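Trainee: Okay, predicted coordinates and the sequence, questions at the end:
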Amino acid sequence: MLRRTHTCGELRESHVGQTVRLNGWVNAYRGHGTGLTFIDMRDRFGLTQVVFDGADLAKEIMEVADHLRSEDVIAVQGTVRIRVGGPNPKLDTGKIEIVVTKFELLNKTDPLPFIPDDTGTGGKLANEDIRGKYRYIDLRRPTMQKILGIRHKVYQSTRRYFDENGFLEIETPILYKSTPEGAREFLVPSRNVPGSWYALPQSPQLFKQILMVAGCDRYMQICRCFRDEDPRADRQAEFTQIDLEMAFVRREHVMDMMEGFVRRLWKDITGYDVPPIQKMPYREAMERFGIDRPDTRYGLEITDISEIAAKTDVAFFKDVLAKGQDRPKFNSGRGVVKAIRVPGGAEKLTRKLTDGYNEFVRGFGAGGCAVTKVNAAGAFETGIAKFLEPVKAELFAALGLQPGDTILFVSDLYPIATKSLGELRQKVARDIGIVPKPGSEGGPWNFLIVVDFPMFEKDKESGRWIAMHHPFTAPRDDQAKAFVDADVNDDVTIESIVSAGYDIVLNGQEIAGGSVRIHDRAVQSKVFQLLGLTPEQAKEKFSFLLEALSYGAPPHAGIAFGLDRLVMNFVGTSNIRDVIAFPKTQTGQDLMTSAPSKATEDQLKDVHVKSTFVPQN
């Protein structure tokens, strides 16, 4: 084979006159019928035009060249010259071309299921399932090659930054112990220990804490994680994290280190200088935006108008406000009335849209969404307008109302009203087209660090406490004593305990989450008790962690970034499958390899498993 001396994106005017060799694929073919054949030759580095001139080449070479087609694999040797007919400004190599002197056909392709071109056939890419089945062809597309290159740069930038800051890159096990961390786990049967199972790790959480106890001080890993959950646009069952842990730190140290990482990464990948990142308490985020990962690039903020609503004769307002008024402001059993002002909504929001908001909020447990508008004369009209006149001045002051505005109301228990309006806020923003696009006014990147999360929340179905982050998150320093002293049956106190957790949010999407960890065995045992684990269950599942905490565990904290989501932001896609070389479908299938697949009886017997699956007729 003619071994390449250069790539297809490398040659410039400075190479004119040199003899070079290229290897790659036929990207495009043009035969002029004058004894000249032009080929655009491609590899992952770019395109170069090569010229077959029948006046200088053997007949048999020209015969083969005339029958080359897209995706044939070839090698050429030739002389670099200035491109005849003028440069092609669309190509980095557009000022030169190669006149072929030697040629090899390395592989003739079969007819292709689709052409790996970003424009696709007729300007439309092939069906995603087809591209998934032939992923090795789809990955040849320039866009996919660029994405893989950006992902590589993220890996390298990450490793450089943390190496410079004293972190050790340490691998943790993939075959793991089943632990209750929230999501469903993938299980792997053991051949050597009949009836026992490994679990694939949802994260290396316990191991990185053990590494801090072991004196490693600073740990980093780009690791694979697994959660047996249904995939969606921004989630895969198998994903990649940038995982960190630091000893002898408090949360401010970790947040400062991570802010530095964000700045380095964005500078390396995009050239953008990230400004100082604002910090926002969880309660403020929920009160203003109804979600713990708020997109602050646009308004539509939520206002609690419970005191004003109590003065009206709206029956469903009064029914809700009769609930839990003796409870703290943010308690889940307290009834509230909240509202969003939509500037210019009277014109921008149609009756069909506002009617649809009723069903939308019901999907989050709310009873419905009340609506009214402010007409040009400054009076309320439509919906519940007649009930609001007695409190008109107060509503105008509280919401900053102007003629032409629409007001959307939700009344329910605090968590339901807050979440449903938080979701509705985002939908309204999309409906009226105010969500900024990258590069538009408001900037492409809007970072936020959310802090002071509640330590626990009630599970809707079971009514039991669950950890908002995970069971190893410590209470905030000033909350530790209150937590240890709290009666496990005192719901009001337990719900009010604030954790030392923190999330990094980008444009309304969580890109990283972490916390200060529990390093006190008594505190960890209390958490397990609240989560409903008996001492025996806690010992069975976490004996190694509890033991480690009793043998000189240092204060430690950490965080994990979703690497796939980082790359999604860098390349501007909302589909996580675009940034993973070999992704799975919405049903968890790998179309290229046909995984998952059936195991043979012998394979099942080896691992002491018997299938109970009964095929459907």
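Mentor: Ah, there it is. Numbering: from 1, shown residues only.

Trainee: so where do the strands sit in the stretch 151-300 of the chain?
Mentor: 168-169, 187-189, 197-199, 218-226, 238-247, 278-281 (DSSP state E, counting those that start in this stretch).

Trainee: a markdown table please, covering the ones you listed and showing mean neighbour count, mean pLDDT and distance to L112.
Mentor: For every residue, glycine as well, the C-beta is placed using N, CA and C. Shown next, in a markdown table, are those (neighbours: other CB atoms under 10 Å; pLDDT from 0 to 100; distance: least, CB to CB, whole Å):
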| stretch | mean neighbour count | mean pLDDT | distance to L112 |
| --- | --- | --- | --- |
| strand 168-169 | 12 | 98 | 40 |
| strand 187-189 | 13 | 95 | 37 |
| strand 197-199 | 18 | 94 | 41 |
| strand 218-226 | 21 | 97 | 32 |
| strand 238-247 | 23 | 97 | 28 |
| strand 278-281 | 14 | 97 | 50 |
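
Trainee: would you turn those strands into CSV with distance to D503?
Mentor: CSV is the format used below for the strands of the stretch 151-300 of the chain (distance: least, CB to CB, whole Å):
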stretch, distance to D503
strand 168-169, 24
strand 187-189, 29
strand 197-199, 25
strand 218-226, 17
strand 238-247, 14
strand 278-281, 10
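
Trainee: shaky segments in the stretch 51-200 of the chain?
Mentor: Applying pLDDT under 70 to the stretch 51-200 of the chain flags residues 121-122, 180-182.

Trainee: Please repeat the previous calculation with a cut-off of 80.
Mentor: 120-123, 179-183 (pLDDT under 80).

Trainee: show me where it has helices.
Mentor: 59-65, 128-133, 135-138, 142-164 (DSSP state H, counting those that start in this stretch).

Trainee: Out of those, which is closest to Q589?
Mentor: Q589 sits nearest to helix 128-133 of all the helices of the stretch 51-200 of the chain, at 8.5 Å, using CB to CB.

Trainee: List the buried residues in the closest one.
Mentor: 128, 131-133 (16 or more other CB atoms under 10 Å).

Trainee: got the CA coordinates for that helix in PDB?
Mentor: Only the C-alpha atoms of helix 128-133 are listed here, as PDB (Å, rounded to 0.1, in the frame of the first residue of the first chain):
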ATOM      1  CA  GLU A 128     -31.900   7.700  12.600                       C
ATOM      2  CA  ASP A 129     -32.600   3.900  12.900                       C
ATOM      3  CA  ILE A 130     -30.900   3.300   9.600                       C
ATOM      4  CA  ARG A 131     -27.900   5.500  10.600                       C
ATOM      5  CA  GLY A 132     -27.800   3.600  13.900                       C
ATOM      6  CA  LYS A 133     -27.700   0.200  12.200                       C
END
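
Trainee: who touches it?
Mentor: 113-114, 125, 137-138, 577, 583, 585, 590-592 (CB atoms under 8 Å, 6 or more residues apart in numbering).

Trainee: and the helix or strand encompassing K392, what other elements does it pack with?
Mentor: Here K392, judged by DSSP states H and E, is contained in helix 392-399. When contacts are defined as 3 or more CB pairs under 8 Å, 6 or more residues apart in numbering; DSSP states H and E, helix 392-399 sits against helix 306-309.

Trainee: If you count contacts, what does whichever strand or helix holds G514 end up packed against?
Mentor: Using DSSP H and E, G514 sits within strand 509-516. Contacts defined by 3+ CB pairs under 8 Å, 6+ apart place strand 509-516 against helix 251-270, strand 501-506, strand 556-562, helix 563-571.

Trainee: Now with 6 Å, please.
Mentor: Packing contacts for strand 509-516, counted by 3 or more CB pairs under 6 Å, 6 or more residues apart in numbering; DSSP states H and E, involve strand 501-506, strand 556-562.

Trainee: Out of those, flag the one nearest K90.
Mentor: Closest of the helices and strands packed on strand 509-516 to K90 is strand 501-506, at 32.4 Å (criterion: CB to CB).

Trainee: Need the contact partners of the closest one.
Mentor: 251, 255, 293, 447-451, 453, 469, 473, 510-515 (CB atoms under 6 Å, 6 or more residues apart in numbering).

Trainee: want to try TSV for the buried residues of helix 128-133, with distance to L424 as columns?
Mentor: Listed next are the buried residues of helix 128-133 as TSV, based on distance: CB to CB, whole Å:
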residue	distance to L424
E128	30
R131	35
G132	34
K133	39
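
Trainee: Centre of the chain to the lowest-mean-pLDDT helix or strand in the chain, how far?
Mentor: Scoring the helices and strands of the chain by mean pLDDT, DSSP states H and E places helix 535-549 at the bottom, with a mean of 85. Distance of helix 535-549 from the chain centroid (CA atoms, centre = their mean, to the nearest Å) equals 32 Å.
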